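*Asks:* Structure for the following, please:
(one chain, ligands or ions: 2)
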Amino acid sequence: MIDEGTITAAAAYVRDLLAGEASGHGVDHALRVCRTAAAIARSEGADVGVCRLAALLHDVDDHKLFPGTSASLAHAVSFLDAQGVEGDERRRVCQAIREVSFSANGMEPPSSLEAACVRDADRLDAIGAIGVGRAFAFGGANGRALWDESGECRDTTVAHFEDKLLLLAEGMSTQTGRFLAAGRGAYLRGFYEEFVAEWRGER
Ligand code: ADP
Ligand code: NI
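*Replies:* Ligands and ions are numbered 1, 2, ... in the order given. Purely as a prediction, here's the structure:
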(Lines give C-alpha, C1' and ligand atoms only; values in the text may rest on other atoms or scores of the structure.)
(Ligands and ions follow the chains in the order given, each with its own letter.)
Protein backbone atom coordinates (compact mmCIF):
# COMPACT_ATOMS: atom_id res chain seq x y z
CA MET A 1 0.00 0.00 0.00
CA ILE A 2 1.26 3.47 -0.87
CA ASP A 3 0.89 5.50 2.32
CA GLU A 4 -0.12 9.11 2.81
CA GLY A 5 3.47 10.06 3.74
CA THR A 6 4.68 8.98 0.29
CA ILE A 7 1.95 11.03 -1.39
CA THR A 8 2.86 14.11 0.68
CA ALA A 9 6.55 13.62 -0.11
CA ALA A 10 5.77 13.26 -3.83
CA ALA A 11 3.85 16.55 -3.83
CA ALA A 12 6.82 18.28 -2.16
CA TYR A 13 9.28 16.68 -4.63
CA VAL A 14 7.23 17.86 -7.61
CA ARG A 15 6.87 21.34 -6.10
CA ASP A 16 10.68 21.67 -5.93
CA LEU A 17 11.42 20.15 -9.33
CA LEU A 18 8.77 22.09 -11.28
CA ALA A 19 9.18 25.43 -9.48
CA GLY A 20 8.81 28.28 -11.99
CA GLU A 21 7.49 26.01 -14.75
CA ALA A 22 5.29 28.11 -17.07
CA SER A 23 4.33 25.71 -19.86
CA GLY A 24 1.29 24.23 -18.11
CA HIS A 25 3.15 21.49 -16.20
CA GLY A 26 3.51 23.21 -12.83
CA VAL A 27 2.81 21.60 -9.48
CA ASP A 28 -0.78 22.87 -9.65
CA HIS A 29 -1.32 20.68 -12.74
CA ALA A 30 0.19 17.65 -10.96
CA LEU A 31 -2.05 18.22 -7.91
CA ARG A 32 -5.21 18.54 -10.01
CA VAL A 33 -4.37 15.44 -12.02
CA CYS A 34 -3.76 13.60 -8.74
CA ARG A 35 -7.16 14.60 -7.38
CA THR A 36 -9.02 13.74 -10.59
CA ALA A 37 -7.12 10.46 -11.00
CA ALA A 38 -8.08 9.47 -7.44
CA ALA A 39 -11.75 10.21 -8.11
CA ILE A 40 -11.69 8.20 -11.34
CA ALA A 41 -9.77 5.36 -9.64
CA ARG A 42 -12.35 5.15 -6.83
CA SER A 43 -15.26 4.88 -9.18
CA GLU A 44 -13.45 2.44 -11.51
CA GLY A 45 -12.16 0.20 -8.70
CA ALA A 46 -8.49 0.88 -9.57
CA ASP A 47 -5.60 1.07 -7.08
CA VAL A 48 -5.99 4.62 -5.74
CA GLY A 49 -2.46 4.86 -4.28
CA VAL A 50 -0.77 3.83 -7.54
CA CYS A 51 -2.92 6.32 -9.46
CA ARG A 52 -2.23 9.21 -7.08
CA LEU A 53 1.52 8.62 -7.05
CA ALA A 54 1.76 8.18 -10.82
CA ALA A 55 -0.35 11.32 -11.32
CA LEU A 56 1.90 13.40 -9.07
CA LEU A 57 5.04 12.15 -10.83
CA HIS A 58 3.72 12.04 -14.40
CA ASP A 59 5.61 15.13 -15.61
CA VAL A 60 8.87 14.88 -13.63
CA ASP A 61 10.54 13.15 -16.61
CA ASP A 62 8.50 14.80 -19.36
CA HIS A 63 10.54 14.81 -22.58
CA LYS A 64 9.91 18.52 -23.17
CA LEU A 65 10.98 19.58 -19.68
CA PHE A 66 13.68 16.99 -18.97
CA PRO A 67 14.88 15.46 -22.24
CA GLY A 68 17.80 13.79 -20.48
CA THR A 69 15.69 11.70 -18.09
CA SER A 70 12.57 10.84 -20.10
CA ALA A 71 13.82 7.46 -21.34
CA SER A 72 14.97 6.24 -17.93
CA LEU A 73 12.38 8.05 -15.74
CA ALA A 74 15.41 8.92 -13.61
CA HIS A 75 13.60 11.53 -11.49
CA ALA A 76 10.60 9.32 -10.72
CA VAL A 77 12.85 6.31 -10.06
CA SER A 78 15.11 8.24 -7.69
CA PHE A 79 12.05 9.42 -5.77
CA LEU A 80 10.61 5.89 -5.58
CA ASP A 81 14.02 4.60 -4.43
CA ALA A 82 14.23 7.21 -1.69
CA GLN A 83 10.72 6.30 -0.48
CA GLY A 84 11.27 2.54 -0.67
CA VAL A 85 8.43 1.98 -3.15
CA GLU A 86 9.37 -1.39 -4.62
CA GLY A 87 8.23 -4.42 -6.57
CA ASP A 88 4.86 -4.55 -8.23
CA GLU A 89 3.72 -1.13 -7.01
CA ARG A 90 6.83 0.54 -8.37
CA ARG A 91 6.45 -1.23 -11.71
CA ARG A 92 2.79 -0.16 -11.98
CA VAL A 93 3.57 3.47 -11.09
CA CYS A 94 6.34 3.65 -13.71
CA GLN A 95 4.18 2.02 -16.36
CA ALA A 96 1.32 4.46 -15.72
CA ILE A 97 3.74 7.42 -15.96
CA ARG A 98 5.01 6.16 -19.33
CA GLU A 99 1.51 5.78 -20.71
CA VAL A 100 0.19 9.24 -19.80
CA SER A 101 1.73 11.31 -22.56
CA PHE A 102 -0.47 12.22 -25.52
CA SER A 103 2.41 12.90 -27.86
CA ALA A 104 4.26 9.72 -26.97
CA ASN A 105 1.25 7.38 -26.89
CA GLY A 106 -1.33 8.92 -29.17
CA MET A 107 -4.33 6.67 -29.24
CA GLU A 108 -2.71 3.43 -28.03
CA PRO A 109 -4.96 1.98 -25.33
CA PRO A 110 -3.42 2.02 -21.84
CA SER A 111 -2.23 -1.39 -20.66
CA SER A 112 -3.60 -1.18 -17.11
CA LEU A 113 -6.64 0.30 -15.38
CA GLU A 114 -4.34 2.57 -13.33
CA ALA A 115 -2.64 3.92 -16.48
CA ALA A 116 -6.09 4.55 -17.96
CA CYS A 117 -7.23 6.52 -14.88
CA VAL A 118 -4.13 8.74 -14.82
CA ARG A 119 -4.16 9.32 -18.56
CA ASP A 120 -7.84 10.32 -18.50
CA ALA A 121 -7.15 12.68 -15.56
CA ASP A 122 -4.23 14.32 -17.41
CA ARG A 123 -6.35 14.84 -20.52
CA LEU A 124 -9.26 16.18 -18.49
CA ASP A 125 -6.91 18.91 -17.20
CA ALA A 126 -6.39 20.04 -20.81
CA ILE A 127 -10.12 20.58 -21.49
CA GLY A 128 -12.95 22.43 -19.73
CA ALA A 129 -12.35 25.81 -18.07
CA ILE A 130 -8.95 24.70 -16.76
CA GLY A 131 -7.96 23.61 -20.26
CA VAL A 132 -8.91 27.04 -21.67
CA GLY A 133 -6.85 28.74 -18.94
CA ARG A 134 -3.81 26.52 -19.48
CA ALA A 135 -3.88 26.96 -23.26
CA PHE A 136 -3.86 30.76 -23.00
CA ALA A 137 -1.19 30.65 -20.28
CA PHE A 138 0.95 28.51 -22.61
CA GLY A 139 0.31 30.88 -25.51
CA GLY A 140 1.24 33.90 -23.39
CA ALA A 141 4.40 32.28 -22.03
CA ASN A 142 5.45 31.37 -25.59
CA GLY A 143 4.55 34.67 -27.25
CA ARG A 144 1.94 33.10 -29.49
CA ALA A 145 -0.85 34.87 -31.38
CA LEU A 146 -4.42 34.14 -30.28
CA TRP A 147 -5.59 32.85 -33.64
CA ASP A 148 -5.02 33.08 -37.39
CA GLU A 149 -8.42 33.35 -39.03
CA SER A 150 -7.12 32.03 -42.35
CA GLY A 151 -6.15 28.78 -40.66
CA GLU A 152 -2.69 28.82 -42.24
CA CYS A 153 -0.64 29.43 -39.13
CA ARG A 154 -1.05 26.49 -36.75
CA ASP A 155 1.19 27.99 -34.05
CA THR A 156 -1.61 29.92 -32.40
CA THR A 157 -3.47 29.17 -29.20
CA VAL A 158 -6.82 28.62 -30.86
CA ALA A 159 -5.30 26.45 -33.60
CA HIS A 160 -4.18 24.22 -30.72
CA PHE A 161 -7.86 23.85 -29.77
CA GLU A 162 -8.63 22.71 -33.33
CA ASP A 163 -5.62 20.42 -33.69
CA LYS A 164 -5.64 18.77 -30.28
CA LEU A 165 -7.84 19.97 -27.44
CA LEU A 166 -11.24 19.56 -29.13
CA LEU A 167 -10.35 15.94 -29.92
CA LEU A 168 -9.35 14.92 -26.41
CA ALA A 169 -12.86 14.36 -25.02
CA GLU A 170 -13.36 11.54 -27.54
CA GLY A 171 -10.23 9.73 -26.44
CA MET A 172 -11.06 8.78 -22.85
CA SER A 173 -10.27 5.26 -21.70
CA THR A 174 -12.57 4.84 -18.69
CA GLN A 175 -16.30 5.16 -18.20
CA THR A 176 -15.80 7.81 -15.50
CA GLY A 177 -13.37 9.71 -17.72
CA ARG A 178 -15.93 9.71 -20.52
CA PHE A 179 -18.58 11.05 -18.15
CA LEU A 180 -16.36 13.90 -16.92
CA ALA A 181 -15.11 14.63 -20.45
CA ALA A 182 -18.66 15.06 -21.74
CA GLY A 183 -19.18 18.14 -19.54
CA ARG A 184 -15.72 19.59 -19.92
CA GLY A 185 -15.61 18.87 -23.64
CA ALA A 186 -18.93 20.66 -24.19
CA TYR A 187 -17.64 23.67 -22.24
CA LEU A 188 -14.46 23.77 -24.36
CA ARG A 189 -16.41 23.52 -27.62
CA GLY A 190 -18.80 26.25 -26.46
CA PHE A 191 -15.85 28.52 -25.62
CA TYR A 192 -14.27 27.82 -29.02
CA GLU A 193 -17.49 28.57 -30.91
CA GLU A 194 -18.04 31.78 -28.93
CA PHE A 195 -14.44 32.85 -29.57
CA VAL A 196 -14.75 32.35 -33.33
CA ALA A 197 -18.16 34.05 -33.48
CA GLU A 198 -16.91 37.10 -31.53
CA TRP A 199 -13.74 37.24 -33.66
CA ARG A 200 -15.86 37.35 -36.82
CA GLY A 201 -18.15 39.98 -35.31
CA GLU A 202 -21.14 37.65 -35.41
CA ARG A 203 -21.93 38.10 -31.70
P1 ADP B 1 1.31 16.79 -22.39
O2 ADP B 1 2.81 16.85 -22.24
O3 ADP B 1 0.60 16.32 -21.15
O4 ADP B 1 0.84 16.13 -23.65
P5 ADP B 1 1.40 19.45 -23.39
O6 ADP B 1 2.81 19.75 -23.04
O7 ADP B 1 1.06 19.16 -24.82
O8 ADP B 1 0.81 18.29 -22.46
O9 ADP B 1 0.52 20.64 -22.91
C10 ADP B 1 0.55 21.20 -21.62
C11 ADP B 1 -0.51 22.30 -21.56
O12 ADP B 1 -0.13 23.36 -22.44
C13 ADP B 1 -1.87 21.82 -22.03
O14 ADP B 1 -2.91 22.42 -21.30
C15 ADP B 1 -1.91 22.24 -23.47
O16 ADP B 1 -3.19 22.49 -23.97
C17 ADP B 1 -1.08 23.50 -23.46
N18 ADP B 1 -0.44 23.61 -24.76
C19 ADP B 1 0.48 22.80 -25.31
N20 ADP B 1 0.82 23.20 -26.55
C21 ADP B 1 0.08 24.32 -26.78
C22 ADP B 1 -0.06 25.22 -27.87
N23 ADP B 1 0.63 25.05 -28.99
N24 ADP B 1 -0.92 26.25 -27.74
C25 ADP B 1 -1.63 26.42 -26.61
N26 ADP B 1 -1.55 25.62 -25.55
C27 ADP B 1 -0.72 24.57 -25.62
NI1 NI C 1 0.26 16.41 -17.62
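
*Asks:* from here on, contacts and neighbour counts on C-alpha atoms
*Replies:* OK.

*Asks:* who touches Gln175 in this structure?
*Replies:* Glu44 (C-alpha atoms under 8 Å, 6 or more residues apart in numbering).

*Asks:* and the gap between it and Cys94?
*Replies:* Separation of Gln175 from Cys94 (C-alpha to C-alpha, to the nearest Å) stands at 23 Å.

*Asks:* From Cys94, how far out is Ala12?
*Replies:* Distance, Ala12 to Cys94, using C-alpha to C-alpha: 19 Å.

*Asks:* Compare these two (neighbour count), which wins?
*Replies:* A direct count of neighbours by other C-alpha atoms under 10 Å for Ala12 and Cys94 places Cys94 higher, at 22 against 13.

*Asks:* you'd agree that one is up against Leu56?
*Replies:* No. The pair Cys94 / Leu56 is not scored as a contact, 11.7 Å apart, by C-alpha atoms under 8 Å.

*Asks:* Just give the closest residue to the residue nearest the centre of the chain, not the sequence neighbours.
*Replies:* In the chain, the centroid-proximal residue (C-alpha atoms, centre = their mean) is Asp122; its distance is 2.6 Å. The shortest distance from Asp122 to any non-neighbouring residue, by C-alpha to C-alpha, 6 or more residues apart in numbering, is to Val33 (5.5 Å).

*Asks:* That neighbour: how many residues sit nearby?
*Replies:* Residues within reach of Val33, counting by other C-alpha under 10 Å, total 27.

*Asks:* Can you name the residues in contact with the one helix or strand it maps to?
*Replies:* Secondary structure assigned from DSSP states H and E places Val33 in helix 27-44. Contact partners of helix 27-44, identified using C-alpha under 8 Å, 6+ apart, comprise 11, 14-15, 18-19, 47-49, 51-53, 55-59, 114, 117-118, 120-122, 125, 174-177.
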